[in-house]
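Student: I would like the atomic coordinates for the input below:
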Amino acid sequence: MAAYDLVVIGGGPAGTSGANTAALFGHRVALVEKEPKIGGAGLNSGTVPSKTLRETALALSGWKSRRLFGVDLSLRREATVADLMHHADAVSAAERRRVEAHMGALSVERFRGDARFVDPHTIAVKSPDGTETHLVGRTILIATGSSPSRPPEFPFEDDRVYDSDELLDLKAIPKRLVVVGAGTIGSEYACTFAAIGAEVDLVDGRDALLPFLDGEVSRALAAAMEEHGVRFRWKERVTKCDVSRPGDVGLTLSSGATISTEAVLVCAGRTSNSADLDLAAAGLAPGKRGLIPVDSGYRTAVAHIYAAGDVIGAPALAATSMEQARIAMCRAFDIGGKEDLASLIPTGIYTIPEAAFVGATEETLRKDGVEPLVGRARYADSARGRIVGDERGFLKLLFERESLRLLGVHVMGEHATEIVHVGLMAMLAGANGEIFNRACFNYPSLGELYKYATYDALLRRTNPSLPGLSKPAFPA
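Tutor: Numbering: from 1, shown residues only. This next block holds a predicted model:
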């Protein structure tokens, strides 16, 4: 039985970040991961590989070249699964090596196997060969992540029906794909496969795309996705998935409509990976979907046990998971430097085109009785936007009318997930529109959009009737 200052259960983004934080400050750390590869869903089946897959699809399809040069520079042969997965595999492997090297340099001890609590301080680790090791931790961090939910109406044992973690194991690229669930993961994969020429149907029980987005961005993104070949089937749910026939899968929808498809991707949310931990032995009880309740410092009901990442629920992003674990360890070991999660968290959607935002939406502000001052700038009206060939993209800024305090930043278009960070830093600094008015951005660059969206807002405040200014990309 070995004793440690910290035992971490789970080797994904939260687990590795928490382990490294404690080890960096001289604490003896053990990390337990049941899978053969470190990195969790972030590196192996979700965040990094899915985003890399998107970039590969754009390259193989010649997506950008069609608009830039008016010609198709895509591969002149049909892309294979090997073509599609090669870069994703390489990027994930490189990231794993980097994470492993960092843990090794900090002397984090790794254990492979299934972990469960024996008591509040003791973790039993059952290795693949069946041997069991007991680790004693003065502090415990639970970072076991989550897994895709599997609705019972879908026979996942069939090799044509996938959840989002299985999709990277495709044996062939489907020519027809039905994605069930138009959340972030479903929307991103729908765009990726549409880009490489698959016929994609996206089925969802709601009537709007990603309703947490600003309404204008949601409508513009849906229109762009439709233009690129994604067929939305709103206010529908799958009532039957028939895999009894060889060949295509038959889906029956709640309206009575049927779809025949080569493959089905089910994106029905995720469930916390806590069921096998024997939490009761530690004095803990999970909540709905296995989520582990924590306080603002990510401490559980047992004082020396912390939890971070998907296992505690929303926002369940790789970036927030890492920060949560760092904060938890800073609190656990009185390290200082990180007390709380940042008050503003950016959200990036890696659809085609990308979308991103930070802060309030126009709808939430109006619901709170605030009439924002809106400024917009279109990619098509900037030199850099023309260079990259993005005619649909736009930046939308929401200001407090009198003080010009920045309340929300919303972007759709090329590099939206990068561009949003300019607004994020301005908001964290408490800046108002004057910062963009004074700033000198590179020309040509997409950063200039901030200046022109601010000009638009200033002109609207001075003279709301000026023609052509601040026209919504997609009005309600």
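
Student: Contacts for stretch 307-325 next, please.
Tutor: Applying C-beta atoms under 8 Å, 6 or more residues apart in numbering, the contact partners of stretch 307-325 are 10, 12-15, 17-18, 21, 41-42, 46-47, 141-146, 270, 272-274, 289-294, 298, 300, 327-328, 338, 341-342, 345, 347. The C-beta positions use only the backbone N, C-alpha and C, and glycine is treated the same way.

Student: whoops, stretch 450-466 was the one
Tutor: Residues outside stretch 450-466 that contact it (C-beta under 8 Å, 6+ apart) are 373-377, 381-382, 395-397, 399, 401, 404, 422-423, 433, 436-437, 439, 441, 469-470.

Student: got the CA coordinates for that stretch in PDB?
Tutor: What follows is stretch 450-466 as a C-alpha-only set of coordinates in PDB (Å, rounded to 0.1, in the frame of the first residue of the first chain):
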ATOM      1  CA  TYR A 450     -13.800  44.900 -33.600                       C
ATOM      2  CA  LYS A 451     -13.000  48.500 -34.700                       C
ATOM      3  CA  TYR A 452     -15.600  48.600 -37.400                       C
ATOM      4  CA  ALA A 453     -18.300  47.000 -35.200                       C
ATOM      5  CA  THR A 454     -17.600  49.600 -32.600                       C
ATOM      6  CA  TYR A 455     -17.800  52.400 -35.200                       C
ATOM      7  CA  ASP A 456     -21.100  50.900 -36.200                       C
ATOM      8  CA  ALA A 457     -22.400  51.000 -32.700                       C
ATOM      9  CA  LEU A 458     -21.200  54.600 -32.100                       C
ATOM     10  CA  LEU A 459     -22.900  55.800 -35.300                       C
ATOM     11  CA  ARG A 460     -26.100  54.000 -34.300                       C
ATOM     12  CA  ARG A 461     -26.100  55.700 -30.900                       C
ATOM     13  CA  THR A 462     -25.600  59.100 -32.600                       C
ATOM     14  CA  ASN A 463     -28.100  58.500 -35.400                       C
ATOM     15  CA  PRO A 464     -30.100  55.300 -35.300                       C
ATOM     16  CA  SER A 465     -31.800  56.200 -38.600                       C
ATOM     17  CA  LEU A 466     -28.600  56.000 -40.700                       C
END
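
Student: which of the residues in it are buried?
Tutor: 450, 451, 452, 453, 454, 455, 456, 457, 458, 460 (16 or more other C-beta atoms under 10 Å).

Student: mind checking pLDDT for the third one?
Tutor: At residue 452, the predicted lDDT confidence score is 96.

Student: Pull out the buried residues from stretch 217-234.
Tutor: Within stretch 217-234, the residues that qualify as buried are 217, 218, 219, 220, 221, 222, 224, 225, 228, 230, 232, 233, counting by 16+ other C-beta under 10 Å.

Student: For residue 330, the count of nearby residues, please.
Tutor: Residue 330: 19 surrounding residues under other C-beta atoms under 10 Å.

Student: Okay, it and residue 365: tell me how far apart.
Tutor: Separation of residue 330 from residue 365 (C-beta to C-beta, to the nearest Å): 33 Å.

Student: Which of the contacts of stretch 450-466 fall within helices?
Tutor: Judged by DSSP state H, the contacts of stretch 450-466 include 422, 423, 436, 437 as members of helices.

Student: Now do the same contact list for residue 192.
Tutor: By C-beta under 8 Å, 6+ apart, residue 192 lies in contact with 50, 53, 54, 57, 352.

Student: Make sure it is indeed in a strand.
Tutor: No. Residue 192 is assigned helix when assessed by DSSP: H, G, I helix; E, B strand; the rest coil, not a strand.

Student: Please report how far the residue lying closest to residue 127 once chain neighbours are set aside lies from residue 278.
Tutor: Excluding its sequence neighbours, the residue lying closest to residue 127 (C-beta to C-beta, 6 or more residues apart in numbering) is residue 113, at 4.1 Å. Per C-beta to C-beta, residue 113 is found 14 Å from residue 278.

Student: got it, and residue 140?
Tutor: According to C-beta to C-beta, residue 140 and residue 278 sit 13 Å apart.

Student: Which one's more surrounded, those two?
Tutor: Neighbours were counted for residue 140 and for residue 278 using other C-beta under 10 Å; residue 140 has more, 26 against 15.

Student: What residues are bridge-paired with that one?
Tutor: Residues in a beta bridge with residue 140, per DSSP bridges, are residue 7, residue 305.

Student: Report the separation between it and residue 18.
Tutor: As judged by C-beta to C-beta, residue 140 and residue 18 stand 10 Å apart.

Student: and for these two, which residues touch both?
Tutor: Overlap of the contact sets of residue 140 and residue 18 (by C-beta under 8 Å, 6+ apart) consists of 6, 8, 306.

Student: domain assignment for this protein?
Tutor: Segmentation of the chain into domains, based on automatic domain parsing, reads 2-147+271-332, 161-268, 353-462.

Student: Dump those domains to TSV, plus distance to residue 154.
Tutor: Listed next are these as TSV, based on distance: least, C-beta to C-beta, whole Å:
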stretch	distance to residue 154
domain 2-147+271-332	15
domain 161-268	5
domain 353-462	28
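
Student: out of those domains, nearest to residue 155?
Tutor: Evaluated over the domains of the chain, closeness to residue 155 peaks at domain 161-268, with 5.3 Å, by C-beta to C-beta.

Student: What does the pLDDT read for residue 27?
Tutor: Confidence score, pLDDT, at residue 27: 98.

Student: what helix or strand does residue 202 sit in?
Tutor: Following DSSP states H and E, one finds residue 202 within strand 199-203.

Student: Next one, pLDDT for the residue positioned nearest the centre of the chain please.
Tutor: In the chain, the residue lying closest to the centroid (C-alpha atoms, centre = their mean) is residue 317, at 5.4 Å. As predicted, residue 317 sits at a pLDDT of 91.

Student: That one and residue 422, how far apart?
Tutor: For residue 317, the distance to residue 422 - C-beta to C-beta - is 19 Å.

Student: And residue 383, by the same measure?
Tutor: For residue 383, the distance to residue 422 - C-beta to C-beta - is 18 Å.

Student: Specify which residue of the two has the higher count of neighbours.
Tutor: Shown here are residue 383 and residue 422; by other C-beta under 10 Å, residue 422 has more neighbours (20 against 11).
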